[in-house]
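Participant: need a 3D model of the following:
(chains A and B)
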Amino acid sequence: MADLAVTELSKELRDAIAGLETSEGLENVGIVIRVGDGVAWVHGLKSAGFSEMLEIETKEGVVEAFALNLMEDEIGAVLLGSDEFVSAGDKVRLKGTVLEVPVGPELLGRIVDPLGRPLDGGPAIKTKQTGLVEREAVGVIGRKHVHEPLMTGIMAIDAMFPIGRGQRELIIGDRQTGKTAIAIDTMINQAKQKTGVVNVYVAIGQKLSKIARLVERLKQEGVMEQTIIVATGPSDPASMLYLAPYAATAMGEYFRDNKQHALMIYDDLTKHAVAYRQMSLLLRRPPGREAFPGDVFYLHSRLLERSAKLTDELGAGSLTALPIIETQAGDISAYIPTNVISITDGQIFMETDLFYQGIRPAISAGLSVSRVGGDAQTKAVKSVGSHLKLGLSQFRELASFAQFGSDLDDATKAQIDRGQRLTELLKQSQYQPMSVWEQAASIFAVNQGLFDKVPVAKIKDAQEALLTKLWAEHKDAMRELNKGAEKVEKDSNVAKLIVKTAEKAAKGFEA
Amino acid sequence: MALRVSRRKLSAYAVGRLIGGAKKTEVLRELAAYLVDTRRTRELELLVRDIEDALAQRDIVVANVTTAHPLSAQLKAEVEKLVGGKVQLKTTIDENVLGGIRVEVPGKRYDGTIRHKLLQLKAKQL
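Facilitator: Numbering: from 1, shown residues only, chains lettered A, B, ... in the order given. Predicted coordinates:
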């Protein structure tokens, strides 16, 4: 054994690897055992990894699938296309990669499916980069606390439940209560205020007519150039609905990681959970509560955890998420709503009753909350809106109590009067987001009692008159206020301007 | 009924017996009886594939070779050398492949047929 040199084993092994003949053209193959309902069961492919891409060779071309169930004798794979042409005995190739989608600025203004293929009839999308659909969220060290505002342009939200960049704020409510409207207004506001925030709207199983209407509106408002729409319809396979939010998040993450800011809107995660339930049941995973699989919490938590505000070292980009959840008859204690409420940093609860009373947006002051947005609120809005939530909740309580009797003391009466005017003020029509100075000036005027003599029905008119006058006469001061850096306090110059103008504006509407 | 035995375990058992020197007919009869008894005759083809997989692990490889024309003895020898181990060739003549050769061993495939190359070209153009 004297001549056995073992000092250079590492190098020799490396050389041996380099010297190996590559088995080019040698593929791992298996066969389809059975197929149906968008799920194929595959024999062979022992080296397949979880969530790895497979290619099924059918008579009509290749159908892609991804492996989700790895079992002793077979693999359960979910098809990304139609199962019409896939039949038992078809050969299945292992692609050796996990799912990736094109990412980059080239996607802006486009409507794509979850695999990044255009749906808008435009040219093929060629991006320089691709992003992993399933990606690990940023760690603790890479994150910074949420401190920059993401203005929605909706007074009730910006004043009472402020949202910061990197936050995850749930929009929850029954059908037809204006959930999507809030999301659209927020997208429009990003363009109107030129915040540079990129919008990524994910339609999960939404009616295609609704998506078409949305796109039309976004184009009209000039928002489409900074928006990516990832669309799936009700007729798409459940696998596409399942992938849509993850793929879209990969597209949003590109902007987050490149020092920019992106806003994700997941419309809606209820349908996403239902699509995942369908897939899981077809893959024969055991059902749990409401027949959802055991990992339905992880399904949404790993998605929303990817929203983050990054540290300055990582470029200080951010990814904000506005997931939407639809409840049945206002039941927020159902399975999926409670899950997502506990994952997110707060929720905006939409109430059917308010909606039909004409209070739109129908935001419930009592049940909504923003857990981290306080630091992110602009000083201007914060200084006028700090007592709004409490005042409004107290008013709603008093108002329902006051229905029983008419003899009220003056203090209560005054509180109710103020509450009615505030409620009226917070009404806002769709597609009309308001800027910081508009919000601050309006709320300040009502809070200071400057509109107390204006009848409730005319509050909106008085507000408009005030804002027009302020803009016409004190443009520079309003521009300064719009930066949001300074508080609106009783004796400040801005406050004096607002008081003076509001008194004049109110005159025309007093009864 | 006893616990469901996976095909992987069944095939490992069968191959173990075969290599241990048991008679092929005897092993197959046991498997047949088991499949019928547990009403799993539908899995017959899959079990065969699993047994082929298990045999390949022990270096007894079944290779399916598909060509457009009959293989010459020299080519056969080369294929056997390429696959390695104790190879047993199953040759198929299929004019649809147009030319070239396709070799399929358990779990792996080398497709060098003209048909495959044409299909790949077509897929690239789409």
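
Participant: and residue 15, how many neighbours?
Facilitator: I went with chain A, as the question did not name one. 11 (other Cβ atoms under 10 Å in any protein chain shown). Quick note: C-beta positions are derived from backbone N, CA and C, even for glycine.

Participant: chain B is the one I meant
Facilitator: Neighbour tally, residue B:15, other Cβ under 10 Å: 21.

Participant: and whatever residue of the stretch 251-400 of chain A ends up closest to chain B, how many neighbours does it have?
Facilitator: Nearest residue of the stretch 251-400 of chain A to chain B: residue A:284, at 13.9 Å (Cβ to the nearest Cβ). The tally of other residues near residue A:284 (other Cβ under 10 Å) stands at 12.

Participant: for chain A, what are the nearby residues on chain B?
Facilitator: Counting by Cβ under 8 Å from any Cβ of the partner chain, chain B comes close to chain A at B:6-8, B:46, B:49-50, B:53, B:104, B:106-112, B:123, B:126.

Participant: among the residues you listed, which are located in strands?
Facilitator: Of the residues of chain B next to chain A, the ones assigned to strands by DSSP state E are B:104, B:108, B:109, B:110, B:111.

Participant: mind checking which of these are buried?
Facilitator: Neighbour-count burial (16 or more other Cβ atoms under 10 Å in any protein chain shown) is assigned, among those, to B:104, B:108, B:109, B:110, B:111.

Participant: all helices for chain B, in order.
Facilitator: Using DSSP state H, the helices of chain B run over residues B:7-19, B:24-37, B:44-57, B:73-83, B:114-125.

Participant: and those helices as TSV, adding mean pLDDT?
Facilitator: Shown next, in TSV, are the helices of chain B (pLDDT from 0 to 100):
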stretch	mean pLDDT
helix B:7-19	93
helix B:24-37	93
helix B:44-57	92
helix B:73-83	87
helix B:114-125	85
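
Participant: dump these into a markdown table; add distance to residue A:463 as well.
Facilitator: Shown next, in a markdown table, are the helices of chain B (distance: least, Cβ to Cβ, whole Å):
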| stretch | distance to residue A:463 |
| --- | --- |
| helix B:7-19 | 73 |
| helix B:24-37 | 81 |
| helix B:44-57 | 73 |
| helix B:73-83 | 83 |
| helix B:114-125 | 61 |
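
Participant: closest to residue A:8 out of these?
Facilitator: helix B:73-83 (31.4 Å; Cβ to Cβ).

Participant: from the contact counts, what lies against that closest one?
Facilitator: The helices and strands touching helix B:73-83, judged by 3 or more Cβ pairs under 8 Å, 6 or more residues apart in numbering or on different chains; DSSP states H and E, are strand B:60-67, strand B:86-93, strand B:101-105.

Participant: can I get these in a markdown table including mean pLDDT?
Facilitator: Putting the helices and strands packed on helix B:73-83 into a markdown table (pLDDT from 0 to 100) gives the following:
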| stretch | mean pLDDT |
| --- | --- |
| strand B:60-67 | 92 |
| strand B:86-93 | 90 |
| strand B:101-105 | 91 |
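
Participant: now the nearest residue to residue A:147 once chain neighbours are set aside: how far from residue A:314?
Facilitator: Nearest non-adjacent residue to residue A:147, counting by Cβ to Cβ, 6 or more residues apart in numbering or on different chains: residue A:375, 5.0 Å away. Distance of residue A:375 to residue A:314, given as Cβ to Cβ, to the nearest Å: 19 Å.

Participant: so those two - more neighbours on which side?
Facilitator: Between residue A:375 and residue A:314, counting by other Cβ under 10 Å, residue A:314 is the more crowded of the two (17 against 13).

Participant: wait, that one sits on residue A:142?
Facilitator: Yes. Counting by Cβ atoms under 8 Å, residue A:314 touches residue A:142, with 5.4 Å between them.

Participant: how about the stretch 351-500 of chain A: which residue is closest to chain B?
Facilitator: Per Cβ to the nearest Cβ, residue A:431 is where the stretch 351-500 of chain A lies closest to chain B, at 41.0 Å.

Participant: any idea how many residues pack against that residue?
Facilitator: Around residue A:431 there are 15 other residues, counting by other Cβ under 10 Å.

Participant: now do residue A:489
Facilitator: The criterion is other Cβ under 10 Å. On that basis, residue A:489 has 11 neighbouring residues.

Participant: same check on residue A:36?
Facilitator: Using other Cβ under 10 Å, the number of residues around residue A:36 comes to 11.

Participant: against residue A:45, how distant is it?
Facilitator: Taken as Cβ to Cβ, the span from residue A:36 to residue A:45 is 19 Å.

Participant: can you give me the helices in the stretch 1-150 of chain A?
Facilitator: Per DSSP state H, counting those that start in this stretch, the stretch 1-150 of chain A carries helices over the ranges A:9-19.

Participant: low pLDDT regions in it?
Facilitator: Across the stretch 1-150 of chain A, the ranges flagged by pLDDT under 70 are A:1-2, A:21-24.

Participant: now do the strands in it.
Facilitator: A:26-36, A:39-44, A:52-58, A:61-70, A:75-79, A:91-98, A:100-103, A:111-112, A:129-132 (DSSP state E, counting those that start in this stretch).

Participant: of the ones you listed, which is nearest chain B?
Facilitator: So among those, strand A:26-36 is nearest, using Cβ to the nearest Cβ, at 4.5 Å.

Participant: that closest one packs against which elements?
Facilitator: When contacts are defined as 3+ Cβ pairs under 8 Å, 6+ apart, strand A:26-36 sits against strand A:39-44, strand A:91-98, strand B:108-111.

Participant: determine which stretch of these is the most buried.
Facilitator: Of all these, strand A:39-44 has the most neighbours on average by mean count of other Cβ atoms under 10 Å in any protein chain shown, namely a mean of 24.

Participant: report the angle between that one and helix B:44-57.
Facilitator: 40 degrees (axes from the mean of the first three to the mean of the last three Cα atoms, to 10 degrees).

Participant: spatially nearest residue to residue B:18, not counting backbone neighbours?
Facilitator: residue B:27 is the one closest to residue B:18 (Cβ to Cβ, 6+ apart), at 5.8 Å.

Participant: measure the one you found to residue A:345 for me?
Facilitator: 63 Å.

Participant: okay if I get the helices and strands packed on helix B:73-83 as CSV plus distance to residue A:358?
Facilitator: CSV is the format used below for the helices and strands packed on helix B:73-83 (distance: least, Cβ to Cβ, whole Å):
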stretch, distance to residue A:358
strand B:60-67, 74
strand B:86-93, 76
strand B:101-105, 71
